[in-house]
Each structure stands twice: as C-alpha cells, then as structure tokens.
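Visitor: structure here, sequence nowhere to be found:
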C-alpha cells in the first residue's frame, strides 16, 4: 500500500510542479526572465531556448536586455520574441536587444487571471485523477484479498489527505499569482 501512496503523491507533486512552471510564463507587468522561458529560436535548424543563445538580464522593472553571443542571431532572436504569444515588442541597436515590458491593461490582466484559473483547474483535475487511480488500485487489492476492508478504507482516507494537501497548494499558488497579476 505504501507504494501506491508514494506513486499517487508523486503524480500529484508533478502536477503542482507543472503548474508552477506554467504560471512562471504568465506576464505580471514586471520584468522577469521566466517570461522568456518558452521562447525558442531557430538556431541552424534546431529550436533552441533563447536563454541558451544570449545573456539575459533585467535592466529595471520594465526592461529585459538580451545580448546574443553570436551577433548574427539578433534578428532571429528578435523575431522569435515578436512571434511568441507574449505580446512583447523588442528592439535592437545591433549589439543588444531591448525588450520593454509594457503595463498590462485591465482587460489583459483579467484575461491572464482567467488563463491562470484554467491552468489551476487542469492541475486540480490531474490531482483528482491521481486520487481516483490510487483508490481504484486499493479496491482491486481488496477484491483480490491482498488487503482487508479496513485497510482499504484507511487507504482511501490517506489518498484523500494527499488530495486535500495538493489541492490546497494549487489554491495558494493561484491566489498568489492572481494577486501578482492584479496588483501592479
């Protein structure tokens, strides 16, 4: 039974970790290098993350700078940022790409909050699925007489505790991100 609990908890933890990674890419109106994590550049036919092709830095709260190691990549990096769904408009001076982070409109903030809620709901569903799979395995073990009914009920309680813990983490993470998006 302990193996079932470990597997269920691992699935739930992976779902929450994935949510953290997804939420990092939502803009909050402040400059953050995490915004650019999903941007890839066609580097000699290979999609390469932008952070592997240049030195990224946060110049101030509203500006990110990117200094490519290979100056011939400036236009490719600039194009990749422009075509991403981030809504950023980079400019370059031939050596450095400046990426201003515009203030978010109220409408865009609400849209980002809705997107964050959708991401959180997908994570909650993943957690519920992990709980259901764990409970199904416990039921099969009880039907095969590998564990008693009392052990099965105790196991259901344990998976429910794991479920409640990770759902709480999702709700806390969502509330923090929502506050970041709306309070700038």
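Guide: Nice, thanks for sending it over. What you see is a predicted model, and the numbers here were worked out from it, not measured in a lab.
Visitor: which residues touch the residue positioned nearest the centre of the chain?
Guide: Geometric centre of the chain, nearest residue: residue 22, 1.7 Å, by CA atoms, centre = their mean. With contact set as CB atoms under 8 Å, 6 or more residues apart in numbering, residue 22 has these partners: residue 119. Every residue, glycine included, has its C-beta placed from N, CA and C.
Visitor: spell out which helix or strand contains it, please.
Guide: helix 2-24 (DSSP states H and E).
Visitor: for residue 149, see how far away residue 161 is.
Guide: 19 Å (CB to CB, to the nearest Å).
Visitor: which one of these two has more residues nearby?
Guide: residue 161 (11 against 8; other CB atoms under 10 Å).
Visitor: what mean pLDDT does the strand or helix carrying residue 155 have?
Guide: Element membership for residue 155 (DSSP H and E) is helix 149-182. Helix 149-182 shows a mean pLDDT of 93.
Visitor: please apply the same query to stretch 107-121.
Guide: pLDDT averaged over stretch 107-121 gives 90.
Visitor: now the lengthiest helix in the chain against helix 149-182, angle please.
Guide: As assigned by DSSP state H, the longest helix anywhere in the chain is helix 106-143. Counting by axes from the mean of the first three to the mean of the last three CA atoms, to 10 degrees, helix 106-143 lies at 170 degrees to helix 149-182.
Visitor: one step back: in whatever helix or strand comes next after the helix holding residue 22, what counts as buried?
Guide: Using DSSP H and E, the helix or strand that follows helix 2-24 towards the C-terminus is strand 40-43. Across strand 40-43, burial judged by 16 or more other CB atoms under 10 Å covers 41, 43.
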